[in-house]
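**Q** Kindly return the folded structure for what I paste below:
(chains A and B)
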Amino acid sequence: MNNKIYNEEEQKQTGMIRDLKKLPKIKAPENFEFNLMTRINNKNFGNAEHGREKFNWLKFLAPSAAVVTAVILFFIFLPSNEQIDNSFTGAQKMIDSQSITGNSNAAGNELMYKQGNMPDAAASKNSQIETRPKAVTPPLNSLRLPFGYSRSVSLDDYIRGGNNSGDMQRGNVVNSGDSETPFDGFFVVEKPDQNTLKKERARIDSLKNAKNVADSLKKIQKLP
Amino acid sequence: MNKTLTELKDEELIKEFQDSNTIEAYEILVKRYKDPLMNFVYRFVGDRDACTDIVQETMIKFYLNKDSYRSFAKFSTWIYTIAGNLAKNELKRRKRRTIFSISNNDDEKTPQIEDKMFHSPEKIADGEIRNEIIEKALLKVKPVYREVVILRDIQDLSYEEISEITGLATGTVKSRINRGRAQLQKLLKHIYND
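**A** Now for the predicted structure:
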């Protein structure tokens, strides 16, 4: 069946096939053999000498291995912009800010009290009582430091050798299932800077003065 | 001795060359095959200089790799396979060059057989012009079909020999020849319009 199809096709193309057979035969140049033998005698084999290279796994995998290594190294040593969440530095910042704001309020009240600018003496007494402790003891317990307060020690006592309850307490902490981070350490609470205090006091003082002036002006306006 | 060698068949000559490294046997084989190979490669590549280089390279490969020939195959198919592979490599190289060329202009590369279509029937009847048109049309046929058409219709090889040279099944060879001829006829429809 297939042969029939091919024969039919061939019959259709007979003229063309006949012409293809009649195409002039191309002959090699006169000096073909001479050139060939000269090349062979001179061992000038050109590209023909180099056969097809054998497949080499090492050569095949080398470029891909280099690329993979480069990618891995890139991700390992990539400089990250993310800041590492260091709870110690965070805690220090909170301590600084709270001590400054707390002290500034306290300082302001103290100044007002000394200058006698407070309108109500009783109120000033109460405010003094309320504000002073806030300024002196910053709310350190509200901070979440990465070590347990129950197990922290005073640095001075520790140096003097006064804190000798270490091992027993540790055992108790473990037994009672305390979830706080098992970290032995200490921290130092910084005292507020005197210069900052002075500046804040001066600022609050000027504000109070301005307020007093405004109040006195109002009172004068109200007078008939 | 030489007279005896010339009377030997191809397979006997290459055996002589393999066994005794007789250069005369090699020379006789070169003499026998240089023209058929030139004709085959020229029709395939379409460039005389490149064709000469390819046939030279074929002969050098034959000289260097004489031991890779096995006596169960025909020498003619073996040497045609080498020449065909080199010709295909040359075509691939040209294609790559065309792709990467900055001034890539297909019109310059491809033969302008369409121009010849405007020849008068009298001129087409002229053998030389007719042959030129056919040659250029042949170069426009896809290389996979062109190779088998040349081997069958120009080199007069059998389907079995072509199958051995190309490494294809005989059925595939037949269908490719048929497709190649159909493509060629389509390109030459102004000549073979019936």
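**Q** if I look at B:Gly84, how far off is chain A?
**A** Separation of B:Gly84 from chain A (Cβ to the nearest Cβ, to the nearest Å): 15 Å. All C-beta spots, glycine's among them, are computed from the backbone N, C-alpha and C.
**Q** mind checking pLDDT for residue 18?
**A** No chain specified, so I'll use chain A. The per-residue pLDDT reported for A:Arg18 equals 90.
**Q** Hmm, no, I was thinking of chain B.
**A** Taking B:Gln18 on its own, its pLDDT is 92.
**Q** Let's verify it: helix, strand, or coil?
**A** helix (DSSP: H, G, I helix; E, B strand; the rest coil).
**Q** quick one: it from B:Tyr63, how far?
**A** Distance, B:Gln18 to B:Tyr63, by Cβ to Cβ, to the nearest Å: 11 Å.
**Q** Which one's more surrounded, the two?
**A** Legend: neighbour count by other Cβ atoms under 10 Å in any protein chain shown for B:Gln18 and B:Tyr63, higher for B:Tyr63 (19 against 15).
**Q** Need the three-state assignment for that one.
**A** Of the three states, B:Tyr63 takes helix under three-state DSSP.
**Q** Give the other helices and strands that the lengthiest helix in chain B contacts.
**A** Longest helix in chain B by number of residues (criterion: DSSP state H): helix B:75-100. When contacts are defined as 3 or more Cβ pairs under 8 Å, 6 or more residues apart in numbering or on different chains; DSSP states H and E, helix B:75-100 packs onto helix B:10-20, helix B:23-45, helix B:48-64, helix B:143-149, helix B:159-166.
**Q** angle of that helix against helix B:48-64?
**A** Angle, helix B:75-100 to helix B:48-64, by axes from the mean of the first three to the mean of the last three Cα atoms, to 10 degrees: 130 degrees.
**Q** List the buried residues in helix B:75-100.
**A** Within helix B:75-100, the residues that count as buried by 16 or more other Cβ atoms under 10 Å in any protein chain shown are B:75-84, B:86-87, B:90-91.
**Q** Can you pull the domain assignment for chain B?
**A** B:1-101, B:115-189 (automatic domain parsing).
**Q** which stretch in those domains has the least confidence?
**A** For the domains of chain B, where the average pLDDT is lowest is domain B:115-189, sitting at a mean of 87.
**Q** Show residues contacting stretch B:22-36.
**A** A:25-28, A:32-33, A:36-37, B:1-2, B:5-6, B:8, B:10, B:13-14, B:16-17, B:55, B:59, B:62-63, B:66, B:75-76, B:79, B:155 (Cβ atoms under 8 Å, 6 or more residues apart in numbering or on different chains).
**Q** Apply 6 Å and report the result again.
**A** Applying Cβ atoms under 6 Å, 6 or more residues apart in numbering or on different chains, the contact partners of stretch B:22-36 are A:Lys27, A:Ala28, A:Phe32, B:Asn2, B:Leu5, B:Thr6, B:Leu13, B:Glu16, B:Phe17, B:Met59, B:Ile79.
**Q** now do stretch B:173-189
**A** Here stretch B:173-189 makes contact (Cβ under 6 Å, 6+ apart) with A:6, A:9, A:13, A:16, B:137, B:140-141, B:145, B:148-149, B:152, B:159, B:162-163, B:192.
**Q** nearest to A:Ser216, of those residues?
**A** Nearest to A:Ser216 out of the contacts of stretch B:173-189 is B:Lys140 (Cβ to Cβ; 108.4 Å).
**Q** which residues does the closest one contact?
**A** Taking Cβ under 6 Å, 6+ apart as the test, what B:Lys140 contacts is B:Leu187.
**Q** State the distance from it to B:Leu188.
**A** Distance from B:Lys140 to B:Leu188, by Cβ to Cβ: 10 Å.
**Q** One more: A:Asp193?
**A** Going from A:Asp193 to B:Leu188 by Cβ to Cβ gives 101 Å.
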